[in-house]
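K.L.:
Have a look; sequence and predicted model below, questions after that.
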Amino acid sequence: QVQLVESGGGLVQAGGSLRLSCAASGRTFSRYAMGWFRQAPGKEREFVAAISWTDSSTYYADSVKGRFTISRDNAKNTVYLQMNSLKPEDTAVYYCAADTTARSTSTTPYAYNYWGQGTQVTVSS
């Protein structure tokens with residue numbers, strides 16, 4: 001069983017920055033592909049960013065490319081999402097997810113078998 005706990009959400013003005021953290025339990029975190037997804041009210045959950053377990057390759061949605069950065073610290077069992085130049089359309093609940101099956105990194109939520117509880121990010125205009 002893997003537990004994921006997100007932190008770092010909050011209210012920020014447009015153009016500002018936030019850093020989300022996701023702390024994971026489990027002894028083999030280094031073998032988990034990790035992803036961030038978000039869900040705005042009335043919308044489906046969408047992919048934001050992912051990082052592989054093999055070589056820390058990163059993947060981004062077009063809407064956040066160049067503004068968001070995903071990274072991981074295997075010694076701390078933590079994955080981060082640095083969000084810069086935030087826009088009101090980034091407002092959503094952000095979820096951390098883990099794929100513990102050691103497959104190739106996916107951008108679809110169905111590939112991830114563990115999820116955090118979510119953290120709210122609100123960007124005011």
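P.N.:
That came in fine, so what should we check first?
K.L.:
which residue sits closest to the residue most central in space within the chain, ignoring its sequence neighbours?
P.N.:
Centroid-nearest residue in the chain: Trp36, 2.2 Å away (criterion: C-alpha atoms, centre = their mean). Spatial nearest neighbour of Trp36, excluding adjacent residues (C-beta to C-beta, 6 or more residues apart in numbering): Val48 at 4.3 Å. All C-beta atoms are positioned from the backbone trio N, CA, C, and that covers glycine.
K.L.:
Pretty sure Met83 is one of the things that neighbour touches, is it not?
P.N.:
No - between Val48 and Met83 there is no contact, the gap being 9.0 Å when judged by C-beta atoms under 8 Å.
K.L.:
Give me the common contacts of those two.
P.N.:
With contacts defined as C-beta atoms under 8 Å, 6 or more residues apart in numbering, the residues shared by Val48 and Met83 are Val64, Phe68.
K.L.:
and the residue nearest to the centre of the chain, bridged to which residues?
P.N.:
For Trp36, the residues forming beta bridges with it (DSSP bridges) are Ala49, Cys96.
K.L.:
ok, it - contacts?
P.N.:
Taking C-beta under 8 Å, 6+ apart as the contact definition, Trp36 lies against Leu20, Cys22, Val48, Ala49, Ala50, Ile70, Val79, Leu81, Tyr94, Tyr95, Cys96, Ala97.
K.L.:
wait, what's in contact with the second one?
P.N.:
The reference is to Cys22. Contacts were defined as C-beta under 8 Å, 6+ apart; by that measure Cys22 touches Leu4, Val5, Glu6, Ser7, Met34, Trp36, Thr78, Val79, Tyr80, Leu81, Cys96, Gly116.
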